[in-house]
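**Q** this is the structure alone, sequence omitted:
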């Protein structure tokens, strides 16, 4: 299952830098994960300082 970024995203971008396949992009200051590219590795979740990323 793909990961998703919750509403408490602070827009820091640490998740985008951690994603090995580039599935995360900036959507106007809030980051989003492209579920079709996500390989469910969890690297983004581990890098999030506010813990807002979880498996869908």
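**A** Cool, got the structure. Computed from a predicted model, the values in this text were never measured in an experiment. Numbers count the residues shown, from 1 in each chain.
**Q** all helices for this protein, in order.
**A** With DSSP state H applied, the chain shows helices at 14-18, 43-47, listed in chain order.
**Q** mind listing what's buried along the last one?
**A** Applying a neighbour-count criterion of 16 or more other Cβ atoms under 10 Å, one finds 43-45, 47 buried in helix 43-47. C-beta: built from backbone N, CA, C; applies to glycine.
**Q** elements contacting that helix?
**A** With contacts defined as 3 or more Cβ pairs under 8 Å, 6 or more residues apart in numbering; DSSP states H and E, helix 43-47 has these neighbours: strand 3-5, helix 14-18, strand 53-55.
**Q** would TSV of those with mean pLDDT and mean neighbour count be doable?
**A** Supplementary listing: those in TSV, determined by pLDDT from 0 to 100; neighbours: other Cβ atoms under 10 Å:
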stretch	mean pLDDT	mean neighbour count
strand 3-5	97	19
helix 14-18	97	17
strand 53-55	97	16
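**Q** now the ones you listed as JSON lines including distance to residue 32?
**A** JSON lines is the format used below for the helices and strands packed on helix 43-47 (distance: least, Cβ to Cβ, whole Å):
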{"stretch": "strand 3-5", "distance to residue 32": "6"}
{"stretch": "helix 14-18", "distance to residue 32": "10"}
{"stretch": "strand 53-55", "distance to residue 32": "11"}
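**Q** let me know the closest of the buried residues of helix 43-47 to residue 28.
**A** Taking Cβ to Cβ as the measure, residue 28 lies nearest residue 44 of the buried residues of helix 43-47, at 18.4 Å.
**Q** in contact with the closest one, which residues?
**A** Taking Cβ atoms under 8 Å, 6 or more residues apart in numbering as the definition of contact, the neighbours of residue 44 are 3, 5, 15-16, 18-19, 24, 33, 53.
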